[in-house]
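# Mind looking at a prediction? Sequence and model below.
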Amino acid sequence: MKAIDIRNKYLKFFEKHGHKVIPSAPLIPENDPSVLFNTAGMQPLVPYLLGQKHPEGNRLTDFQKCVRTVDIDEVGDNRHLTYFEMLGNWSLGDYFKEESIQMSFDFLTKELKIPVEKLYITVFGGNEVLQKDEETATYWQKAGISKNNIYFLKDNWWIAGETGPCGSDTEIFYDTGKPKCSENCNPDCDCGKYVEIWNNVFMQFFKDENGELTPLKQKNVDTGLGLERMAMLLQGKETPFDTELFKPVMDKLFELQKIDYIESRRIIAEHLRSSMMIISDGGRPSNVDRGYVLRRLIRRMIRHMNKLQIDLNEISTLIEIYVQNLKEMYPELENNFEIIKNTIIEEKNKFVKTLAYGEKEFNKEMNKAIQNGEKLISGKVVFKLYDTYGFPPEVTKELAEENKLTVDIQEFDKLFKEHQEKSRQGSEQKFKGGLAEQNEVTVAYHTATHLLNAALKVVLGPDTHQRGSNITTERMRFDFNCDHKLTDEEKKKTEDLVNEWIQAELPVTIEEMTKEEAIKSGAECMFIEKYPDIVTVYKIGNISKELCGGPHVRNTSEIGKFKIKKEEASSAGIRRIKAILE
Ligand code: SER
């Protein structure tokens, strides 16, 4: 079964069971600089897990685009992916353990037709604070799982990060039929016989900074099923790279270079797909946060293309193959084709300029280390390669490993943190005007993007629309379509208009309506397909109306003075304004 068919079956199954299908949130959480990427389907739903009413009700289902980067340097093996799709269903204080388990069981055995004996289950085994979850095991048995296939484990507990909604979970594993690696081989073993396919979390606690658990207002269910893995298993493939999701690109890479570097081919195919998904949702390479993750992905991909001696001009062909291959699942890839291609090529050009020099520098340092009888490249060298030649640390690490050396990543991390701390202090000093609270600042910037969007329409014409935005506590960045460099006069007019509206102390109001009503009313919207059927529309006086999740200031007088710092090309037909609030 193809991945897209699994996705469709999933959504249909849960829709049949009373769930509303909601759209995937963008990969990059909107206006939340504290999180780099959505890493799980539950992330955009946190307020609702905590008790806020969801406009679509208390049974939801979706597919969520996710990026997890902790394992970035594991990519290349037979299972790790940085981008993946998670199918999920949620009960927000509605059904709980029994119904959730029955639905998961029915979906797997009836819809996907997985033989029941291939399913293995793990259940929370209890700890100092909480009891073993016998109840969950009973429901699995009632559904039809043999007692022998159920294991109790202490660490069946799920939380995103350190604090937030959490609870015990029950994980579903698929037996690949491979032989047991030892007598004690069980789903907890990572030899590859048992593969985790689905995680049902019973979210009923909130964990605070002190590690204290308090019961949530409601008992929720949060489940996540990894689409690529499911496709791999149902198709009887060894790795996700053998499924239709990656195969055309993997084949092309083999056609371009027939040597047996499967790892490099996987890295190229994986990192390219992730980069495309991130760029398509508004990410751009940079040296900080999510921009830096993207930069690392693209640069590591390029290094492996060089390693395979594949002409870097082939990147465009690979991108085209992915767009054709994935556009049914992700139409945004086709819509953003130009931006994706230009961003990756621009980043490639930047890296290629320093790559050869960096490799030379690395060789010099490597020879020094060898002469001194050392097997370790110091963190200082890793940092220098990063700082001067733009080498992501995992690239240096790989170069070292290819030469049977290791690198002092801990020392690098220390130097990197010091460096970040210095730039953070630098930018905080730049900050004036008493807007010290991070949230207040980003919220003000967010409202300012709406004003800028409206002002550009007045100055450049009504067909000017937002194409992306990014907010930090220091500045806002705003991309929009426009076929020319803004004149000084246009910039000044735009700036003046925004400041006029700020001074006019316009109220910001919020209204809920159907998506159709919102569009009819002329509300501005960047990615219409990304919004649920019921949307919130923010109005600023009579000058701006946008579909948006908020939050915003209540009155434009809270924004401060708006100043355009820079106007530049972002990509073909797209201009970018960088602005600050003083
Ligand atoms: N939040 C859980 C996970 O990511 C279930 O969706 O595994």
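Good, I have the coordinates.
# next structured bit after the helix or strand N325 falls within?
Assigned by DSSP states H and E, N325 belongs to helix 315-326. Following helix 315-326 in sequence order, the next helix or strand is helix 331-335 (DSSP H and E).
# Report the rounded mean pLDDT for the longest helix along the chain.
Counting residues, the longest helix found in the chain (DSSP state H) is helix 337-371. Mean pLDDT, computed over helix 337-371, is 93.
# what does the following helix or strand past it rub up against?
Sequence-wise, the next helix or strand downstream of helix 337-371 (DSSP H and E) is strand 376-377. Contacts made with strand 376-377 from outside it, assessed by Cβ atoms under 8 Å, 6 or more residues apart in numbering, are listed as E365, M366, A369, T396, A400, L405, T406, V407, D408. Backbone N, C-alpha and C define where each C-beta goes, glycine included.
# tell me the angle the one helix or strand the fifth one maps to makes with helix 337-371.
Just to be clear, that refers to A400. Element membership of A400 [criterion: DSSP H and E] is helix 393-402. Angular relation of helix 393-402 and helix 337-371 on a 0 to 180 degree scale: 40 degrees, by axes from the mean of the first three to the mean of the last three Cα atoms, to 10 degrees.
# How far does helix 393-402 sit from its chain's centre?
Once both centres are worked out by Cα atoms, centre = their mean, to the nearest Å, helix 393-402 turns out to sit 25 Å from its chain's centre.
# List of residues touching it?
The set of residues that contact helix 393-402 without belonging to it, under Cβ under 8 Å, 6+ apart, is 72-73, 296, 299-300, 303, 359, 362, 366, 377, 381-382, 385-386, 406-407, 409, 412, 416.
# Same question for stretch 357-374.
Counting by Cβ under 8 Å, 6+ apart, stretch 357-374 makes contact with 375-377, 381, 384-385, 388-391, 396, 399-400, 403, 405, all of which sit outside it.
# buried residues in that stretch?
Neighbour-count burial for stretch 357-374, counted by 16 or more other Cβ atoms under 10 Å, picks out G358, E359, E361, F362, E365, M366, A369.
# what do you get for stretch 481-488?
Residues of stretch 481-488 classed as buried by neighbour count (16+ other Cβ under 10 Å): C482, L486.
# for stretch 416-425, same thing?
For stretch 416-425, a neighbour-count test (16+ other Cβ under 10 Å) marks F416 as buried.
# Mean confidence (pLDDT) on that stretch, please.
Looking at stretch 416-425 alone, the average pLDDT works out to 76.
# what residues does the stretch 151-300 of the chain put near the ligand?
Residues of the stretch 151-300 of the chain lying near the ligand by Cβ under 6 Å from any ligand atom: W158, N199, V201, D222, T223, G224.
# So which of these belong to helices?
Of the positions in these, not one sits in helices, assigned by DSSP H.
# Output those in JSON lines; the columns should cover pLDDT and neighbour count.
Conversion of those to JSON lines gives the following (pLDDT from 0 to 100; neighbours: other Cβ atoms under 10 Å):
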{"residue": "W158", "pLDDT": "96", "neighbour count": "21"}
{"residue": "N199", "pLDDT": "97", "neighbour count": "21"}
{"residue": "V201", "pLDDT": "98", "neighbour count": "27"}
{"residue": "D222", "pLDDT": "98", "neighbour count": "27"}
{"residue": "T223", "pLDDT": "98", "neighbour count": "25"}
{"residue": "G224", "pLDDT": "98", "neighbour count": "22"}
